[in-house]
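J.: pasting the sequence and the predicted model now:
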Amino acid sequence: MAPAAVSSSSSTPAQNRSVKSDLCFASAIVTLLTTLALIVHGYHPYTEDGGLYIAEIKRLLDPTLYPKSAAFVTGHLGISLFAPMVATVVRMSHMGLPAILLMLHLASFWLVLFAAYLLAARCFASPRARVGAVTLLATWITLPIAGTSLMLMDPYVTARSLSTPFVLLALVGMLDFFLPGGDSRTKRWRGMALCCMALIFAAAMHPLMAAYGFGCVLVLACVSAPSRRVRIWGTAALCVTAFGVAIALQTLTPPDSGRYLDVAMTRYYWFPGMWHWYEQFGLVAPLIVLALVGFTKLRISNPARAALARMAVVCGTAAVVIATLFARQESATHIVARLQPLRMFQIVYIVMILVVGAALAEWVLQQRLWRWLTIFVLLAGIMLFVERRTFPESAHFEMPWTAPRNSWEQAFVWIRQNTPKAALFALDAHYITKPGEDAQSFRAIAERSALPDYSKDGGLAAIAPELNSAWEIGETAQLNLSTESDVQRLAALRPLGVTWVVLEQGALTGFDCIYENKTVKVCRLPEEQTHR
């Protein structure tokens, strides 16, 4: 019998041995799956949001970095303790930031899979079902979450990499408190302690994701309660409270300025009405799957599984309704859209994957090794194919000890080694989405100041309206940078203090281009002449 289903009020030595044995088995399986996940999904530390966090950490380690446009480096810090924590670990360990990031990446994958196994252990009595659940999660661990612009886990390290496993551990603790499989007071309060401590750590890493995790925990507490009245009215009260908070925010927040509206409209993933049909389907399908588990006869087989599924359905449905009503383009204020309530679907997706993986193992794979290998090799192959299409010009494993293969990245490394720290660079405003750039972050790799770009800096400007003006000026100055004439470039960039530019290889220019490769060239702007 599973550890979560022990029915006596006090643990026996045999039961303790069973728990330890299951944890050892879980650790071994999770370690193997973490290795396989790294092989399938690769490692790209400087890409996308990973680059944003790395730039913050590097500035904490060396305050002389990014002397210009610093608000677009430090603005991502908010009240998260992630960057200060990593910087402290680097200082104390003397191991170097790249090595620490790799270790944190592996640790985050391991923790997510281990926490998922603990959830599965409370939902499925069969070890085969648990292994199937966690194996599917490891295979799909970088799956995109509908149209939210998020993945379950990223192939790089961010604050969300560490908040996610602790939100899952909080759910484990809440299940142990309400559905311990017995009346052991020690186990119940141990579960509550785990829940509280996990939420505190998650909040220290990523306050917004922890807040949504806290909402999931509260709903799970209500749907797990032994009292039918609490299950119905408690859940209803939480949903009404969520709607009330959204209404209050939307009503009390002043209307957005015209300038801010222009910035907000660039974040299409805030507005589900702008999504493609298949992205919207990505919200509906998981709720249907989990409703079958939580609200049909399937719920009878395991109370913990039914409670977890009901929690996901309630939270997901509430998030969809709130986003549909308040995250609208035509709204006078976009405060709710900025909070991105559909991020709640990270938990919904994880619960759905665990349920589907367990069902796949029990009903299809069973004890046929060839079936396990065939299905998961096929699924892993699909994910590997997608990863290669996403990062076609970068190495699959961008390890600390390997030289970059990506041409843009090579140029950024040259910049770091050969230009002054006080330099201010300009790149095409959309450089991060250029073919072959692979979303490699300039600031994180080059360690130099740069004018704000459309993609990542635009996201910060959409969250922090005080940066709207600086973002708009910088983004406009860099539009079509590689197709303009030198006269146009100088007119746009000199007033902003730019001293260097990164142009595409085919750009026509008379600037002194000190470095070139097959894709880009790094050029120094001529010094402005003064006339007497």
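T.: Arrived safely, thanks for sending.
J.: elements contacting the helix ranked longest in the chain?
T.: If each helix of the chain is counted by residues according to DSSP state H, the longest one is helix 13-41. The contact analysis (3 or more Cβ pairs under 8 Å, 6 or more residues apart in numbering; DSSP states H and E) places helix 13-41 against helix 97-123, helix 127-139, helix 369-390. Glycine gets a C-beta too; all of them are placed from N, C-alpha and C.
J.: just the C-alpha atoms of the shortest one, please, in CSV.
T.: Yep, that's helix 127-139 we're talking about. Only the C-alpha atoms of helix 127-139 are listed here, as CSV (Å, rounded to 0.1, in the frame of the first residue of the first chain):
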residue,chain,number,x,y,z
PRO,A,127,4.2,2.1,-8.5
ARG,A,128,3.8,1.7,-12.3
ALA,A,129,1.2,4.5,-12.4
ARG,A,130,3.5,6.8,-10.4
VAL,A,131,6.5,6.1,-12.7
GLY,A,132,4.3,6.6,-15.8
ALA,A,133,3.1,9.9,-14.4
VAL,A,134,6.5,11.3,-13.7
THR,A,135,8.1,9.9,-16.9
LEU,A,136,5.5,11.7,-19.0
LEU,A,137,6.2,14.9,-17.0
ALA,A,138,9.9,14.6,-17.6
THR,A,139,9.3,14.0,-21.3
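J.: contacts for that helix, please.
T.: 25-26, 29-30, 33-34, 36-37, 40, 109, 112-113, 116-117, 120-121, 123-124, 152, 350, 353-362, 365-367, 376, 379-380, 383 (Cβ atoms under 8 Å, 6 or more residues apart in numbering).
J.: list the buried residues of it.
T.: 127, 129-139 (16 or more other Cβ atoms under 10 Å).
J.: got the angle between the following helix or strand past the longest helix of the chain and helix 369-390?
T.: As assigned by DSSP states H and E, the chain's next helix or strand after helix 13-41 is helix 48-61. Interaxial angle of helix 48-61 relative to helix 369-390 (axes from the mean of the first three to the mean of the last three Cα atoms, to 10 degrees): 70 degrees.
J.: summarise which helices and strands helix 48-61 is packed against.
T.: Using 3+ Cβ pairs under 8 Å, 6+ apart, helix 48-61 sits against helix 71-74, helix 82-93, helix 97-123, helix 442-446, helix 456-463.
J.: how about it: buried residues?
T.: Of the residues in helix 48-61, those buried (16+ other Cβ under 10 Å) are 48-60.
J.: OK, contacts around His334?
T.: His334 sits in contact with 256, 260-261, 264, 270, 327, where contact means Cβ under 8 Å, 6+ apart.
J.: again, only using 10 Å
T.: By Cβ atoms under 10 Å, 6 or more residues apart in numbering, the residues touching His334 are 250, 253, 255-256, 260-261, 263-265, 267, 270-271, 326-328, 462, 465.
J.: of those residues, buried ones?
T.: 250, 256, 260-261, 263-264, 267, 270-271, 326-328, 462, 465.
J.: out of these, flag the one nearest to His44.
T.: Checking the buried ones among the contacts of His334 against His44 with Cβ to Cβ, the nearest one is Arg267 at 22.6 Å.
J.: gap between the nearest residue to the closest one once chain neighbours are set aside and Ala120?
T.: Leaving aside its sequence neighbours, Arg267 sits nearest to Ala462 (Cβ to Cβ, 6 or more residues apart in numbering; 4.9 Å). According to Cβ to Cβ, to the nearest Å, Ala462 and Ala120 sit 37 Å apart.
J.: do the same with Arg130
T.: With Cβ to Cβ as the criterion, Arg130 and Ala120 are 4 Å apart.
J.: related to what we said a few turns ago, what about the helices and strands packed on helix 48-61, which gets the closest to Cys216?
T.: helix 97-123 (11.9 Å).
J.: before we move on, back to that, Provide a PyMOL selection command restricted to the buried entries of the contacts of helix 127-139.
T.: A single PyMOL command selects the buried members of these (16+ other Cβ under 10 Å):
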select buried, resi 26+29+30+33+34+37+40+109+112+113+116+117+120+121+123+124+152+350+353+354+355+356+357+358+359+360+361+365+376+379+380+383
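J.: which residue ranges of the chain form strands?
T.: Per DSSP state E, the chain carries strands over the ranges 424-426, 449-450, 500-504, 512-516, 520-524.
J.: could you dump those to CSV with distance to Asn302?
T.: Formatted as CSV, those follow (distance: least, Cβ to Cβ, whole Å):
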stretch, distance to Asn302
strand 424-426, 57
strand 449-450, 53
strand 500-504, 56
strand 512-516, 61
strand 520-524, 56
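J.: deepest of those, which one?
T.: strand 449-450 (a mean of 26; mean count of other Cβ atoms under 10 Å).
J.: what's in contact with that one?
T.: Contacts for strand 449-450 (Cβ under 10 Å, 6+ apart): 55, 65-70, 72-73, 415, 421-427, 431, 441-443, 457, 474, 478, 497-500, 502.
J.: can you rerun that using 8 Å?
T.: Contacts of strand 449-450 (Cβ under 8 Å, 6+ apart): 66-70, 422-427, 442-443.
J.: next one: stretch 32-49
T.: 50, 54, 98, 101-102, 105-106, 109-110, 113, 134-135, 138-139, 141-142, 154-158, 380, 383-384, 387, 391, 394, 396-399, 409, 438-441, 444-445, 456.
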